[in-house]
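J.: need coordinates for the below:
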Amino acid sequence: MLYQINHFNDAIGLFLFVIYLYQVFYTVYAAVKHTRGKRRVVKKNPPLHRFAAVICARNEENVIAELIGSLKTQDYPGELLDIYVMADNCTDNTAAAARNAGATVFERFNTERVGKGYALDDLFALLRRAHPLKAYDAFLVFDADNIVDAHFVSAMNETFCEGYDVITCYRNSKNFGANWISASYSIWFLRESRFLNYPRMLLGTNCTISGTGFLISGRIVEKNHGWPYFLLTEDIQFSAVCAMNGWRIGYCDQAIVYDEQPTSFRQSWRQRMRWSKGFYQVNGRYAAKLALGCFTGKRRFSCYDMLMTIAPCMLLTITALLVNIFFLLSFLTRPRFIAIYVCKFILRRIGLGVLKAYVVLAAYALLTVVTEWRRIAASPVKKLQYVLAFPLFMFTYVPISLAALVSKVEWKPIRHTSVERA
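T.: Coordinates of the predicted model:
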């Protein structure tokens, strides 16, 4: 029996290693290219495109003016950048704050179609009444708590000139050093930028968008008749659709958005519950089509990469853990010396697995922090201190993933209060 348990655990570990081995290659490839200062060649004096920044905001009067102010001070011609805000079911002065900051503001009050996807779709519908959506070359999508680097639009324009349908950006944080929760979020998004989207871009496969700070061409928005993505993780839903349709998602390393991360565990739990539930939704709707696209699609590896992104592998890990616990409990009724021996064996395997996971996650966090050291706004002590906390943050996904599987999850806003410039 112990022989079978041992092989079961090894089989699960080997399976996960094999299907995600390509991400190990991504990490090594990105680290080497970044260390050597790999830069893509862009056209000199690229043509200037007409953009619209679109922002959905719900009760964001504390931060919305900061984002609009950072968009107003871009090193890009102001006449080629319009700013639109959808004040979504607001009960505060978000609309007035956005108007005072210089944006064109719309308001919606709809308690049935709740969520960023619905608000963004309604915003595009209002814009379409004035002129075709393709009148804008592309739209820049932001969250209200963002601040953008002064070179953001210029950098996006340069990459857009290379023919991409969608472009994601480098996602940094305004409040890395606030506490271990905000730092863990930050490390995750920095890792996504540097060790996933950066190598994907260099290798010519599709990137994925991550919630905010992305560009979508006016042609795609017009083709979609707006934004028909309403799952709890509409960004991952859209990324999956792009992979299946062969729409190219690029990455712009020089376009930096600073995002405010949650600092309370309660807010973090609620947000990540929504993300986990949203991943289940996307997997349920698109996994089969992505699997088929791995063999017949226009961008086959992009479909595989996206399939691995949405695959509920955390549930596989949890299942393996539960199987080990089940075997442990089943031996408690055996003779004492057998029960003690088996319990020690299984608990040793579980403990060793947790320790290995902690070391791997901490190493990944350390690599990310060291690589992005100059871009992280925090003291050296905090940078290294929060590397040790990152695996603990990731371990909390175990109960979150289980809870999301059986719970009804609804979209709820995250309250933002930070107005400090990154």
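J.: which residues does the nearest residue to residue 383 once chain neighbours are set aside contact?
T.: Beyond its immediate neighbours in the sequence, the residue positioned closest to residue 383 (CB to CB, 6 or more residues apart in numbering) is residue 369, lying 5.2 Å away. (Glycine included, C-beta is placed from N, CA and C.) Residues near residue 369 by CB atoms under 8 Å, 6 or more residues apart in numbering: 187, 190, 376, 383, 384, 386, 387.
J.: confidence score at the fifth one?
T.: Just to be clear, that refers to residue 384. At residue 384, the model reports a pLDDT of 94.
J.: that one and residue 359, how far apart?
T.: According to CB to CB, to the nearest Å, residue 384 and residue 359 sit 16 Å apart.
J.: before we move on, the earlier item: next, give me the two most distant ones among the contacts of residue 369.
T.: 190 and 384 (14.6 Å; CB to CB).
J.: and residue 201, what is it in contact with?
T.: 40, 207, 250, 251, 253.
J.: which two of those have the greatest separation?
T.: Within these, 40 and 207 form the most distant pair, 13.2 Å apart (CB to CB).
J.: more neighbours, the two?
T.: residue 207 (27 against 14; other CB atoms under 10 Å).
J.: more neighbours: residue 190 and residue 384, which one.
T.: residue 190 (22 against 14).
J.: mind listing what the more buried one touches?
T.: Residue 190 touches 171, 172, 173, 368, 369, 372, 375, 376, counting by CB under 8 Å, 6+ apart.
J.: repeat the analysis, applying 6 Å as the threshold.
T.: By CB atoms under 6 Å, 6 or more residues apart in numbering, residue 190 lies in contact with 368, 372.
J.: what distance separates the host helix or strand of it from the centre of its chain?
T.: Taking DSSP states H and E as the definition, residue 190 sits inside helix 180-192. How far helix 180-192 lies from its chain's middle: 10 Å, per CA atoms, centre = their mean, to the nearest Å.
J.: so where's the longest strand in the chain?
T.: If you go by DSSP state E, the chain has its longest strand at strand 249-259.
J.: tell me the mean pLDDT over that strand?
T.: pLDDT averaged over strand 249-259 gives 96.
J.: name the residues that touch it?
T.: Taking CB under 6 Å, 6+ apart as the rule, strand 249-259 contacts 146-149, 152, 155-156, 159, 164, 166-174, 197, 201, 206-207, 213, 242, 422.
J.: ok, stretch 21-34 next?
T.: 194, 195, 198, 199.
J.: apply 8 Å and report the result again.
T.: With CB under 8 Å, 6+ apart as the criterion, stretch 21-34 contacts 194-196, 198-200, 202-203, 305, 308, 364, 367, 371.
J.: and that stretch, what's buried?
T.: Within stretch 21-34, the residues scored as buried using 16 or more other CB atoms under 10 Å are 26, 27, 29, 30, 31, 34.
J.: picking up where we left off before, let's have the contacts of stretch 21-34 in a markdown table, adding distance to residue 270 and secondary structure.
T.: Output for these, formatted as a markdown table (distance: CB to CB, whole Å; DSSP: H, G, I helix; E, B strand; the rest coil):
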| residue | distance to residue 270 | secondary structure |
| --- | --- | --- |
| 194 | 27 | helix |
| 195 | 27 | helix |
| 196 | 25 | helix |
| 198 | 30 | helix |
| 199 | 32 | helix |
| 200 | 30 | helix |
| 202 | 36 | helix |
| 203 | 36 | helix |
| 305 | 28 | helix |
| 308 | 26 | helix |
| 364 | 25 | helix |
| 367 | 29 | helix |
| 371 | 31 | helix |
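J.: beyond the strand or helix carrying residue 360, next helix or strand please.
T.: For residue 360, the host element (DSSP H and E) is helix 336-371. The helix or strand immediately downstream of helix 336-371 is helix 380-395, counting by DSSP H and E.
J.: CA atoms only: put that following helix into PDB for me.
T.: Coordinates of the C-alpha atoms in helix 380-395 are reproduced here as PDB (Å, rounded to 0.1, in the frame of the first residue of the first chain):
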ATOM      1  CA  PRO A 380      16.100  46.500   0.400                       C
ATOM      2  CA  VAL A 381      15.100  44.900   3.800                       C
ATOM      3  CA  LYS A 382      11.400  44.900   2.800                       C
ATOM      4  CA  LYS A 383      12.100  43.500  -0.600                       C
ATOM      5  CA  LEU A 384      14.000  40.500   0.800                       C
ATOM      6  CA  GLN A 385      11.700  40.100   3.800                       C
ATOM      7  CA  TYR A 386       8.600  39.800   1.700                       C
ATOM      8  CA  VAL A 387      10.200  37.200  -0.500                       C
ATOM      9  CA  LEU A 388       9.900  34.800   2.500                       C
ATOM     10  CA  ALA A 389       6.300  35.700   2.900                       C
ATOM     11  CA  PHE A 390       5.300  35.100  -0.700                       C
ATOM     12  CA  PRO A 391       5.000  31.300  -0.500                       C
ATOM     13  CA  LEU A 392       2.700  31.700   2.500                       C
ATOM     14  CA  PHE A 393       0.500  34.000   0.400                       C
ATOM     15  CA  MET A 394       0.400  31.400  -2.400                       C
ATOM     16  CA  PHE A 395      -0.400  28.600   0.100                       C
END
